[in-house]
Each structure stands twice: as structure tokens, then as C-alpha cells.
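J.: A predicted structure for the sequence below; I have some questions about it.
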Amino acid sequence: MKIYLVGGAVRDELLGLPAKEKDWVVVGSTPDEMKTKGFKQVGKDFPVFIHPKTGEEYALARTERKSGHGYTGFEFDTNPNVTLEEDLARRDLTINAIAQGEDGVLIDPFDGQEDIKNKCLRHVSDAFSEDPLRVLRVARFETNLKLFTVHEDTMEIVQEIVESGELEYLTPERIWLEFYKSNHIYRFCKFLDKINILDKLLPGCVPFSQFEPDEFNDGSKLKNISYFMHENVGDMDIFCENLKVPNEYRDLAVMLNNCKEEYILFNPSNTDACDKLQSLIKKLDIRKEDRLKEFLEICNSFENNHLNYFLGDLIKEIRSYKLKKEDQIKSDNEIQKIVENDYKVLIQSYLNNYLKKSN
């Protein structure tokens with residue numbers, strides 16, 4: 001039984017990047033032996049084991065054989081005679097097919113280190129074409145690894161997968177995951193457009209020629225992706241349904257669609273400023289504090305934004321507003337009018353103070 005560190009952790013160390021997680025492959029073992037050593041078995045398709053102390057994943061070395069459509073249509077062989085090189089041969093790119101032994105020695109049968117040096121994304125073997133998900137992985141790696149380019153032979157196989165129709169078997173969840181893992185969505189979509197699958201995998205987007213190349217990116221996936229959706233998705237319903245987009249991303253993108261321009265262009269000097277601000281606050285639905293916080297952080301990154309200076313304090317006062325005791329027994333319509341009028345007085349007071357300070 002031998003254990004090797006494999007995949008992204010080895011690749012990232014060679015690239016000088018922090019490793020996000022560690023994956024291990026075990027050669028010459030069986031499920032029973034792993035369990036006797038305290039590993040907990042998980043995974044239905046092939047044996048993966050969780051280390052009893054570190055919680056990291058250990059997979060038995062395996063080979064794969066295509067048996068159906070999509071990225072799940074495989075049969076696996078995990079017998080203890082499967083070699084490390086056979087396991088590495090099933091991987092997608094040479095840069096991901098490097099292993100490190102417990103002694104620190106690298107095992108690199110497919111010249112992944114040379115491809116890292118040359119900043120080249122190259123497939124390991126012809127088996128690359130059996131898994132359509134690898135098209136999206138290539139798009140993600142080209143996006144995330146700056147200055148890396150896809151080898152022309154690999155691009156040919158990518159195009160063959162596109163033309164085969166196998167991408168139709170990818171689930172929305174897997175498409176979303178690769179989209180989510182991309183660090184620069186514009187470049188990710190540019191690759192998909194180059195191989196003519198952008199409109200199929202990300203339906204609802206505007207044509208790529210109309211994409212906004214600038215992204216909002218402060219390290220928050222929620223804000224980055226929601227802003228991308230706001231700028232580049234023409235049909236939000238189709239996009240979100242086809243990718244099973246989480247509700248918080250959709251809701252923030254819709255809020256940006258409905259309120260961002262009005263927020264940024266707000267002019268406190270206009271005669272109707274009070275009415276407009278009251279209308280905007282109502283649309284912002286200030287009860288949803290987390291979503292409002294994300295919205296404001298995006299909008300407040302733009303220059304010449306008046307509301308940045310006082311809206312936060314104003315909203316705090318509105319949230320703490322309490323109806324007078326004698327008004328609480330009145331009819332719903334009367335209460336609504338009282339609240340709206342009190343809000344208007346409060347908003348006008350903030351506007352007056354802001355204008356006074358500005359002058």
C-alpha cells in the first residue's frame with residue numbers, strides 16, 4: 001500500500017499558489033484494508049475514503065471505461081493491481097497528472113512539469129474526449145491560470161466533444177459549479193464563445209459581442225457573479241432556470257437591475273429628490289439586510305455617488321422607526337399614510353442636512 005498526493009495540490013505548489021485542498025491516491029489497497037485503518041468510506045461510484053484525523057479524501061487508484069453518456073457514464077476498476085501511472089493516465093490535463101510520493105519525489109509520466117514551465121494546457125490521452133465536463137474544466141483552467149494557453153491538439157478534441165453533442169448531458173449543477181469556480185467570468189465566457197457553446201451552456205446571456213468586459217471583483221463570489229448577471233444576462237429567468245442559480249445570486253442580480261442606475265444617478269438637488277429616494281428605499285426592501293449590504297457595497301464602489309454618504313444612516317433610522325401608540329389602533333390605510341408621511345419627513349431631513357454640508 002502506497003499513498004501519493006495528486007492533482008491540484010501538486011500543480012498549485014509547482015505554480016507557487018496556495019493549495020485549496022489536498023487529494024490523495026492509494027495504490028495497492030482495498031476497501032476492507034482502508035476501513036481497518038480507520039478510514040470512512042464515502043462515494044457511490046467508486047471508493048473514496050475520509051482520513052480519520054485530517055478529513056482529507058483518499059481514493060483508491062482506478063481506471064475508467066466509458067459506458068454511457070455524459071460525465072457520469074463510466075465504469076471503474078479499483079482492484080489493488082491498478083498502478084499509479086494507470087490512475088494518472090485517466091486524468092484530464094498533464095498539469096493535473098503529477099503525483100508526489102511520501103518522500104517528496106515527484107512522479108510525472110506525462111511531462112506535466114514541462115507543460116507548467118511552458119504554460120501549456122495539454123490533454124493526457126485520447127480518453128480526454130470521453131468526458132464532456134473536461135471542456136468546461138479547460139475553460140476554467142485557461143481562465144484562472146493567467147498566460148496559459150490550450151495546446152492545439154487539445155483544442156481539436158475540445159471541438160470534437162462540442163460537435164458530438166455530449167455537452168447536452170451535463171447537469172445544470174455541474175455547469176454552474178465550473179462557472180462558479182472561474183475567477184474571471186468574462187474570460188471564461190470568451191472561451192465558451194470561441195468554441196460556439198456559450199448560448200447553449202449559458203442561455204439567457206446577451207450575445208458575447210455585447211458583453212461588458214469590466215467586472216466587479218472584490219473577492220466575493222456572490223457580488224462578482226451577481227454583477228456579471230446584471231450586466232450580461234438578458235433573460236434572467238432562462239439563465240437561472242438552466243443553471244439552477246441559487247436564489248441569493250438571482251435576487252441580488254435582480255435588485256441591481258431594478259435599482260442600481262437609480263441609486264447611482266440619484267441627485268439630491270432635484271426638486272423631486274425626496275419622492276425619488278422614498279420610492280428607491282421601498283424597492284430596495286431594506287428588511288433583507290444581507291442583500292442590501294451586498295447591493296450597497298457594489299454601488300458604493302462607483303464614483304460621484306451621493307447616497308454613499310448618508311443612506312446607511314438613514315436606513316438605520318427607518319429600521320428603528322416605531323409607530324406612535326395612539327396611531328397603532330387606526331385602520332391599515334391610515335397607518336400606511338402615517339408611516340409614509342413620517343418616512344418622508346425623515347428623508348427630507350437627511351437630504352437637507354446633506355445639502356447643507358455639501359454647500
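T.: Noted; the coordinates are in hand. Since the model is a prediction, treat every value here as computed from it, not as a measurement. Residues are numbered from 1 along each chain as shown.
J.: and the residue nearest the centre of the chain, what is it in contact with?
T.: Geometric centre of the chain, nearest residue: Y180, 1.8 Å, by C-alpha atoms, centre = their mean. Contacts for Y180 (C-beta atoms under 8 Å, 6 or more residues apart in numbering) come out as 221, 225. The C-beta positions use only the backbone N, C-alpha and C, and glycine is treated the same way.
J.: Average pLDDT for the helix or strand containing it, rounded please.
T.: Assessed by DSSP states H and E, Y180 sits inside helix 172-181. For helix 172-181, the mean pLDDT works out to 96.
J.: Next secondary structure after that helix?
T.: Next along from helix 172-181, by DSSP H and E: helix 185-194.
J.: What is the helix or strand just after that next one packed up against?
T.: Next along the chain after helix 185-194, taking DSSP H and E as the criterion, comes helix 198-201. On a contact count with 3 or more C-beta pairs under 8 Å, 6 or more residues apart in numbering; DSSP states H and E, helix 198-201 meets helix 185-194.
J.: How about residues contacting the helix it packs on?
T.: By C-beta under 8 Å, 6+ apart, helix 185-194 touches 138-140, 142-143, 179, 182, 198, 201-202, 205, 208, 211-213, 215, 224-225, 228, 232.
J.: Distance from the helix holding Y180 to the middle of the chain?
T.: Chain-centre distance of helix 172-181: 7 Å, with C-alpha atoms, centre = their mean, to the nearest Å.
J.: Distance check, V27 against K37.
T.: Distance, V27 to K37, by C-beta to C-beta, to the nearest Å: 15 Å.
J.: of those two, who's got more company?
T.: V27 (19 against 14; other C-beta atoms under 10 Å).
J.: Now do the strands in the chain.
T.: Secondary structure of the chain by DSSP state E: the strands cover 2-6, 23-27, 40-42, 48-50, 57-60, 63-66, 74-77, 99-100, 106-107, 120-121, 149-150.
J.: would JSON lines of the ones you listed with distance to E156 be doable?
T.: As requested, the strands of the chain are exported to JSON lines (distance: least, C-beta to C-beta, whole Å):
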{"stretch": "strand 2-6", "distance to E156": "27"}
{"stretch": "strand 23-27", "distance to E156": "29"}
{"stretch": "strand 40-42", "distance to E156": "37"}
{"stretch": "strand 48-50", "distance to E156": "33"}
{"stretch": "strand 57-60", "distance to E156": "30"}
{"stretch": "strand 63-66", "distance to E156": "19"}
{"stretch": "strand 74-77", "distance to E156": "23"}
{"stretch": "strand 99-100", "distance to E156": "27"}
{"stretch": "strand 106-107", "distance to E156": "28"}
{"stretch": "strand 120-121", "distance to E156": "13"}
{"stretch": "strand 149-150", "distance to E156": "10"}
